[in-house]
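> fold the following and give me the result.
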Amino acid sequence: MDSRDAPGEPVTVHTPGGTIVGRRDGRTRRFLGIPYAQPPTGARRFAAPVRRGRFTEPYDASRHGPTSQRLPLFATTTVPEPSVPGEDVLNLGVVAPAADDDRGPFPVMVWIHGGGFLAGSPASPWYDGRAFARDGVVCVTVGYRLGVDGFAVLDDVPTNLGLRDLLLALDWVRENIAAFGGEPDRVTVAGQSAGGAAVLALLSSSAGRGRFQRAVSLSGGFFEPCAVREFLDQLGDRLGVAATRAGFGGIAVEDVQRAVLDLRDERGGDALVLGPFVGDDVLPVPVAEGLAVHGHDVPLLLGATGDEFDSGSGLLHGARAAGTRLTDTLFRAACPRAAAARRGARAGTWLYSFEWPSPALGGAAHCVDLPYFFDVLDARGVAAALGPNPPQELATSMHADLVAFLHGEEPAWARATGAPGDPAREYGRTGAPLVADTTGVFDPVVGPVSEAAGAC
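Predicted coordinates for the structure are as follows:
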């Protein structure tokens, strides 16, 4: 059996979009690689996503579909991020409880993977929704266009194509998820890193209204890159083409992605070179401004890890002593800023901070909270990132908090307002209980730099 195959016996669902055949493994059903849009190739490569037509034959959803990622962001990534070849990259996977599970209909979590808007894979074993299905949640993982194909700013090309992909995927969920046992009016959009930033972007936009009812942003932020056209001009020079739709459209996606990563490295490993564009119909204003206006009926859970990219003894370690940590300016500062922007919202905002120091990575590093929230400590790659004995009781608690939120419960700790001394749920701090409520963990520690996080 191919490693991308879902285990178990065939199982069939009949959706408004056609018949889909997945696999059942015990009390869990998996339907992988379901196209929600036409392949973004040829004339559709730099165009708005086009809804997929109804399947005329049963669709085989037994394995992960092609990924937008052709090349990983780094030679070694914390999260296992397999690249799957093929052109049908606008696809999603559904992991659901058994059809005879009488607890349904179930709330739905739509998961958006990270990767700096340049890479990442929805086929990661860390995003297997089996624990969510066990706990009465339908988990949907979504693929979307990345890099130049998803976030270039070019004449005669719609901006924010990657976000438009996600909006169409959410429409697919609303129309089809009931066939998998999900409840279309109880959808939470969730994501980590770039995926968490996408969540905040969608929450801040009128385009997101009605497409989801709750939101979760893990290590997200206001990722609005600067000087995108300058970067694209340099990229075009590197590839020997004009920085236009025709120029980039004549180069294979893999070659464009390779050139992006090479140019990014030459520029010093810029944290953000492509991402959500501000000033169009999807994001007319910066995310922080949009959060003050939109999504006020949507409860929001968000947080960050304690060290993000400043763990260990790498090049960024010196920034900790200098008081200018990337962790604070890019990730943690976004949490109180989002809470402050939503201060007048009817729905609440709750903060968490993940502080458990991975012995393998030398701190509470970026991504290491994911196996805890997904409760998949036995997944491939977890031991390498978390060490041989990650505490299962921490995963049990964190996953339970997230599941309760997905089921519509209000978190047990107090709401945040963006003011100093805000409450937060703290996970895994050395010398403290594995789970503890605290105050002030998100108070600024680097002065005005925190306020400038995400600014150009």
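> what score does the residue most central in space within the chain have for pLDDT?
Compute the mean C-alpha point of the chain, and by CA atoms, centre = their mean the closest residue is residue 195, 2.2 Å away. Model confidence at residue 195, expressed as pLDDT, equals 98.
> list the residues that contact it.
Contact analysis of residue 195 by CB atoms under 8 Å, 6 or more residues apart in numbering lists 111, 112, 113, 114, 120, 218, 220. In this view, the C-beta of every residue, glycine as well, is placed from N, C-alpha and C.
> one more time with 10 Å, if that's ok
111-115, 117, 120, 122, 127, 141-142, 144, 166, 189, 216-220 (CB atoms under 10 Å, 6 or more residues apart in numbering).
> now do residue 68
The contact partners of residue 68, taken as CB under 10 Å, 6+ apart, are 40, 83-84, 89-91, 113, 115, 118-122, 143-147, 149-150, 162, 165, 253, 257.
> in the stretch 351-456 of the chain, which segments are predicted with low confidence?
The stretch 351-456 of the chain contains residues with pLDDT under 70 at 444-456.
> ranges for the helices of it?
370-373, 382-386, 392-406, 448-451 (DSSP state H, counting those that start in this stretch).
> rewinding a little: out of the contacts of residue 68, list just those in strands.
Using DSSP state E, the subset of these located in strands is residue 91.
> and the closest residue to residue 399 other than its chain neighbours, its phi and psi?
Closest residue to residue 399 apart from its sequence neighbours, by CB to CB, 6 or more residues apart in numbering: residue 375 at 3.9 Å. Dihedral angles of residue 375 (phi, psi; degrees, to the nearest 10) stand at phi 50, psi 60.
> can you pull the contacts of residue 375?
Contacts for residue 375 (CB under 10 Å, 6+ apart) come out as 128, 130-132, 134-135, 392, 395-400, 402-403.
> over to residue 44?
Taking CB under 10 Å, 6+ apart, we find residue 44 in contact with 37, 38, 50, 90.
> from memory the last one sits against residue 35, does it?
Meaning residue 90. Yes. The criterion here is CB atoms under 10 Å, and residue 90 meets it with residue 35 at 6.4 Å.
> got any ranges where the protein has weak pLDDT?
For the chain, applying pLDDT under 70 flags the ranges 1-4, 271, 312-325, 444-456.
> if you set the cut-off to 50 instead, what comes out?
Applying pLDDT under 50 to the chain flags the ranges 1-3, 313-324, 446-456.
> would you map the strands across it?
Along the chain, counting by DSSP E, strands occupy 9-15, 18-25, 28-35, 59-60, 91-97, 106-112, 138-142, 182-192, 214-218, 300-305, 349-354, 423-427, 435-439.
> can I get those strands in TSV with distance to residue 414?
Output for these, formatted as TSV (distance: least, CB to CB, whole Å):
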stretch	distance to residue 414
strand 9-15	41
strand 18-25	40
strand 28-35	35
strand 59-60	46
strand 91-97	32
strand 106-112	23
strand 138-142	28
strand 182-192	21
strand 214-218	18
strand 300-305	13
strand 349-354	8
strand 423-427	4
strand 435-439	8
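> now those strands in TSV, please, with extra columns for mean neighbour count and distance to residue 247.
Shown next, in TSV, are those (neighbours: other CB atoms under 10 Å; distance: least, CB to CB, whole Å):
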stretch	mean neighbour count	distance to residue 247
strand 9-15	15	39
strand 18-25	19	37
strand 28-35	24	28
strand 59-60	17	35
strand 91-97	27	27
strand 106-112	26	29
strand 138-142	27	29
strand 182-192	23	31
strand 214-218	26	35
strand 300-305	26	38
strand 349-354	25	42
strand 423-427	23	47
strand 435-439	16	52
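> which residues touch the closest residue to residue 414 other than its chain neighbours?
Nearest non-adjacent residue to residue 414, counting by CB to CB, 6+ apart: residue 423, 4.2 Å away. Taking CB under 10 Å, 6+ apart, we find residue 423 in contact with 350-351, 411, 413-417, 437-442.
> from those, pick the one nearest residue 21.
Proximity of these to residue 21 (CB to CB) peaks at residue 411, which lies at 38.1 Å.
> give me the number of residues near that closest one?
Neighbourhood size, residue 411 [other CB atoms under 10 Å]: 20.
> dump the residue contacts of it.
299, 301, 348-352, 401-402, 404-405, 423, 425, 437.
> which one among the residues you listed gets closest to residue 95?
With CB to CB as the yardstick, the closest approach to residue 95 among these comes from residue 402, at 15.0 Å.
> ok, that closest one - how many residues close by?
With other CB under 10 Å as criterion, residue 402 counts 26.
> equivalent analysis for the one 5 residues further on, please.
Residue crowding around residue 407 was assessed by other CB under 10 Å; the count is 15.
> make JSON lines out of the contacts of residue 411 and add distance to residue 73.
Formatted as JSON lines, these follow (distance: CB to CB, whole Å):
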{"residue": "299", "distance to residue 73": "31"}
{"residue": "301", "distance to residue 73": "26"}
{"residue": "348", "distance to residue 73": "34"}
{"residue": "349", "distance to residue 73": "30"}
{"residue": "350", "distance to residue 73": "29"}
{"residue": "351", "distance to residue 73": "27"}
{"residue": "352", "distance to residue 73": "25"}
{"residue": "401", "distance to residue 73": "29"}
{"residue": "402", "distance to residue 73": "25"}
{"residue": "404", "distance to residue 73": "32"}
{"residue": "405", "distance to residue 73": "29"}
{"residue": "423", "distance to residue 73": "34"}
{"residue": "425", "distance to residue 73": "29"}
{"residue": "437", "distance to residue 73": "35"}
